[in-house]
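> Fold the following for me, if possible:
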Amino acid sequence: MTTISTIEEQKVWKLLESVYDPEVPVLTVLDLGIIRKLAVVEGRVFITITPTYSGCPAMDVISMQIRMALWQNGFQEVEIHTELSPAWTTDWMTEAGRKKLQAYGIAPPQYRKNKFHTPSFFEEEDTPVCCPRCQSTNTQLVSQFGSTACKALYQCLDCHEPFDYFKCH
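Residues are numbered from 1 along each chain as shown. Here you go, the predicted model:
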């Protein structure tokens, strides 16, 4: 690896804006924060991704979509590596991604602190989950398991609508 082209890297970053999560189709891979590293060296693209969950079934599709977007735009040599450590956290999501979830009808992840003041998926929530439809915080957990592994199912007690909550982790 000798020559890095910033112009080519910028082009790849721009192309990644068009690669969407197949399970949450309003979020790009950049919104999710799963792109950990990117380099273009002598025309070859090297990308490191971290799945939202180890074993996430969408990662194979996402890798394929990344390859297709790059191949269609002249990048023929693409290497995608998966890195599991450090584990992905919802803290890596962009603020734009959180707003897109809300607008789509999925409550975005909240930030939680444990006694060590670090984010923790395993502790009970300090604040109620806000309904993405009516903005009420009068909600209840129905199931820790929603439509995908990264979501929980809630119901709003004011508008009575069920909704997914993108779990913190």
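
> Can you classify G55 as helix, strand or coil?
Secondary structure state of G55, per DSSP: H, G, I helix; E, B strand; the rest coil, is coil.

> same deal with the one 10 residues further on?
Classification of Q65 by three-state DSSP places it in helix.

> Any figure for the gap between it and F46?
17 Å (CB to CB, to the nearest Å). Every C-beta, even on glycine, is put in place using the N, C-alpha and C of the backbone.

> before we move on, what about T148?
28 Å.

> Then L70?
According to CB to CB, L70 and F46 sit 11 Å apart.

> Of the two, which one has the most company?
L70 (22 against 16; other CB atoms under 10 Å).

> what about the more buried one, which SS state?
Going by three-state DSSP: L70 is helix.

> go on, the one 3 residues further on?
State at N73, reduced to three classes by three-state DSSP: coil.

> so it touches L15, yeah?
Yes. When contacts are counted by CB atoms under 8 Å, N73 is listed as touching L15 (5.7 Å).

> Kindly list the main-chain dihedrals of the residue nearest the centre of the chain?
When CA atoms, centre = their mean is applied to the chain, the residue found nearest the centroid is L32 (2.5 Å). The phi/psi pair for L32 (degrees, to the nearest 10) reads phi -70, psi -20.

> Domain-wise, how is this structure divided?
6-82, 91-166 (automatic domain parsing).

> Out of those, name the one with the poorest average pLDDT.
For the domains of the chain, the bottom mean pLDDT is recorded on domain 91-166, which sits at a mean of 85.

> Go ahead and measure how far that domain is from the middle of the chain.
Relative to its chain's centre, domain 91-166 lies at 14 Å (CA atoms, centre = their mean, to the nearest Å).

> How about I35: what's its closest non-neighbour residue?
Spatial nearest neighbour of I35, chain neighbours left out: V29 (5.6 Å); criterion: CB to CB, 6 or more residues apart in numbering.

> ok, N73 and L15, which is more surrounded?
L15 (17 against 12).

> Quick check: which element contains the more buried one?
helix 6-16 (DSSP states H and E).

> counting contacts, what elements does that helix pack onto?
Packing contacts for helix 6-16, counted by 3 or more CB pairs under 8 Å, 6 or more residues apart in numbering; DSSP states H and E, involve helix 29-32, strand 35-41, helix 58-71.

> Who are the contact partners of G33?
By CB atoms under 8 Å, 6 or more residues apart in numbering, the residues touching G33 are W88, W92, M93, T94, G97.
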